[in-house]
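Visitor: Have a look at this fold, sequence not included:
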């Protein structure tokens with residue numbers, strides 16, 4: 001069972017991102033503040049959940065959270081500042097939009113930089129430990145998947161309905177055949193011989 005949040009002294013927002021390893025599409029980041037009594041047995045690291053359960057949880061989180069926000073950082077911006085900084089920027093933008101404002105950020109991962117004047121803690125695999133980070137992972141993932149499904153209608157040949165922009169064999173072969181779209185990250189390696197990441 002997930003702990004509600006990392007600390008209880010300050011109002012906390014859990015932050016996470018989705019789409020860091022993709023070849024196409026934005027990286028999405030979310031920040032979520034949960035009520036102290038929030039509990040849902042389905043909630044977990046979004047990667048461990050079925051799509052159906054993620055969608056179900058998205059509705060519950062958006063309805064019951066004290067505050068939540070989701071931000072997208074474009075492929076163009078990712079190429080400009082790199083994917084790590086784009087992830088930091090997305091989480092910072094999402095946290096800055098929360099109302100009420102948090103007093104503390106719990107960040108999934110081992111690194112973070114921000115211009116926000118807020119204390120924070122990086123927690124490796126935090127989305128499998130704390131409910132507010134897990135909730136952020138669910139919102140980032142579901143909002144990103146929804147966005148990629150819309151892009152897939154415009155560019156059906158890349159298999160984004162299924163691969164959501166991740167570097168599957170099908171996606172790399174489509175790039176070889178059809179070239180890159182404006183939604184591809186130009187600084188990412190699109191060659192078929194590259195290691196294919198699981199997602």
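Guide: Sure thing, it's come through. Source: prediction; values computed, not measured.

Visitor: Over to residue 74: give its phi and psi.
Guide: Geometry field for residue 74 lists phi and psi as phi -70, psi 160, criterion degrees, to the nearest 10.

Visitor: check contacts around residue 149.
Guide: Applying C-beta atoms under 8 Å, 6 or more residues apart in numbering to residue 149 gives the contacts 160, 161. All C-beta atoms are positioned from the backbone trio N, CA, C, and that covers glycine.

Visitor: that's a helix at it, yeah?
Guide: Yes - with DSSP: H, G, I helix; E, B strand; the rest coil as the criterion, residue 149 is assigned to a helix.

Visitor: Let me know the distance separating it from residue 172.
Guide: As judged by C-beta to C-beta, to the nearest Å, residue 149 and residue 172 stand 20 Å apart.

Visitor: ditto for residue 50
Guide: Taking C-beta to C-beta as the measure, residue 50 and residue 172 are separated by 26 Å.

Visitor: So which of these two has more stuff around it?
Guide: Neighbour totals were compared for residue 50 and residue 172, and residue 172 leads with 20 against 9 (other C-beta atoms under 10 Å).

Visitor: which secondary structure elements does whichever strand or helix holds that one contact?
Guide: Following DSSP states H and E, one finds residue 172 within helix 169-178. Helices and strands touching helix 169-178, as assessed by 3 or more C-beta pairs under 8 Å, 6 or more residues apart in numbering; DSSP states H and E, comprise helix 160-163.

Visitor: Going by neighbour count, list what's buried in the helix it packs on.
Guide: 160, 163 (16 or more other C-beta atoms under 10 Å).

Visitor: Could you list the residues in contact with it?
Guide: Residues external to helix 160-163 that are found in contact with it (C-beta under 8 Å, 6+ apart): 24, 25, 148, 149, 151, 152, 168, 170, 171, 199.

Visitor: which of the residues you listed lies closest to residue 108?
Guide: Checking the contacts of helix 160-163 against residue 108 by C-beta to C-beta gives residue 199 as the nearest, at 16.2 Å.

Visitor: pretty sure residue 27 contacts residue 88?
Guide: No - if you go by C-beta atoms under 8 Å, residue 27 and residue 88 don't touch, sitting 10.2 Å apart.

Visitor: Looking at these two, which has the bigger crowd around it?
Guide: Remark: of residue 27 and residue 88, residue 27 carries more neighbours, 27 against 23, as counted by other C-beta under 10 Å.
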